[in-house]
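Colleague: okay, here's the prediction I keep looking at, along with the sequence it came from:
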Amino acid sequence: MKPVVFDPDLCAGCATIDCLMKCQYVDFKDIDDARTEKLNINEGRDSRVLHECLTCYACQEYCPDHNNPFYLLVERQEEKGLLPAPRPILEEQLRMMAPRGRIERKMVSAPVVDMCAFPMLTGCVRGSLFENASTIVGTDIFCNIMWLHFAKNSVIRERVPKAIDNIMAFYLKDANTNELVCFHDECYGTYTSVAKAYGISVPFKPIHLFDYINRRLDVLADRIKPLNQKIAYQRPCSNRLSPETDQTLDEIFKKIGVERVPRKYDRQNALCCGGVPRAQQRDELADELVEKNLTDMLSTGAAYCVFNCPFCMATLGMEVAERGLMPILVSDLVQLALGE
Ligand code: SF4
Ligand code: SF4
């Protein structure tokens, strides 16, 4: 088993301990306190961070040295059997999201759009934005990044290489492209950040949905009717693994004429939608996060709440709609601007 790529010397010389000092869910008395806990994690000792962590992925983004603090934290949780969710929930999820072995070969051509394990989202791939697109979907190509929320790096190591093999053998091997457009932000995070840190090779080129849309909007520029709307954006946890794509999203919003309103809980300060603690049966915390997000969004005067993650939308969509904001996925918002 390859260990998570991580350099303890970088932490030893770290002046800021940003990974923990910026954490929104675990409190530290001061930087020395954070340094002590970080050292405990690095050296394999118990740390209260391993128990209190919300598994929000954010420390992956906060570390200026890209030293994979969150992946290491999950490694330590699993080594010590510290499960963030009750075991029956974990066992149920492991069964539900397991590969079924029911995958069939299918001829696909560019652009090939990976819908992960969400067949209900394939209807989003439509119109001029996704002209001539092929979609692939199912638990046999599930990206499996969710196990970071369940202290199960071992499942990532076991299932991700199989999903990659399936994508190649059943779809991309005979296709006219080596590119895979990741509709789901989490897939992109898996095939870029996780794969690199866990030593998993990826034989295709993952393309983030935002990069795909941004390129397409240049081709379709003469069809864009600016929406002239204010939107509040709910940034998902997995986007911490590809922060550069958040700037691409700004370019998309500019092209379709929407203003991403400043929110307290956006960008580096994004707050979990509440879905993860709900799944971990930490309901009180989930309720608190939902309320904080809603209050923050409502204070901005935005007309839409824009989601990139279907799980965030499932968690908050109904709530934002009841309070007067229209919930919508990024791709659907772009299609509105294209008059479709
Ligand atoms: S993981 Fe990064 S931010 Fe955290 S202590 Fe190490 S180098 Fe510093
Ligand atoms: S994953 Fe989130 S909650 Fe956990 S230590 Fe990192 S920043 Fe804090």
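Modeller: Cool, the structure landed. Ligands and ions are numbered 1, 2, ... in the order given.
Colleague: ranges for the strands of this structure?
Modeller: Counting by DSSP state E, the chain has strands at residues 112-114, 134-136, 179-182, 205-208, 229-234, 258-260, 304-307, 326-329.
Colleague: what helices or strands is the first one leaning on?
Modeller: The criterion is 3 or more C-beta pairs under 8 Å, 6 or more residues apart in numbering; DSSP states H and E, and the helices and strands that strand 112-114 contacts are strand 134-136, strand 179-182. Heads up, the C-betas are built off the backbone N, CA and C, glycines and all.
Colleague: single out the most deeply packed of those.
Modeller: Of all the helices and strands packed on strand 112-114, strand 179-182 has the most neighbours on average by mean count of other C-beta atoms under 10 Å, namely a mean of 23.
Colleague: and that one, which strands flank it?
Modeller: Using DSSP bridges, the strands paired with strand 179-182 in its sheet are strand 112-114 (parallel), strand 205-208 (parallel).
Colleague: now the strands of the chain in TSV, with distance to ligand 1 and mean pLDDT?
Modeller: Supplementary listing: these in TSV, determined by distance: least, C-beta to the nearest ligand atom, whole Å; pLDDT from 0 to 100:
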stretch	distance to ligand 1	mean pLDDT
strand 112-114	30	98
strand 134-136	35	97
strand 179-182	26	98
strand 205-208	24	98
strand 229-234	25	98
strand 258-260	27	98
strand 304-307	29	98
strand 326-329	32	98
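Colleague: a markdown table please, covering those and showing distance to Asp9.
Modeller: Below are the strands of the chain laid out as a markdown table (distance: least, C-beta to C-beta, whole Å):
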| stretch | distance to Asp9 |
| --- | --- |
| strand 112-114 | 37 |
| strand 134-136 | 41 |
| strand 179-182 | 33 |
| strand 205-208 | 30 |
| strand 229-234 | 37 |
| strand 258-260 | 38 |
| strand 304-307 | 39 |
| strand 326-329 | 42 |
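Colleague: I'd like to know which of the ones you listed is closest to ligand 2.
Modeller: Taking C-beta to the nearest ligand atom, strand 229-234 is the member of these nearest to ligand 2, at 16.5 Å.
Colleague: quick check, central residue of this protein?
Modeller: The residue lying closest to the centre of the chain (C-alpha atoms, centre = their mean) is Ser238, at 2.0 Å.
Colleague: quick one: contacts for that one?
Modeller: Listed by C-beta atoms under 8 Å, 6 or more residues apart in numbering, the contact set of Ser238 reads Tyr57, Ile145, Asp185, Glu186, Tyr188, Gly189, Cys309.
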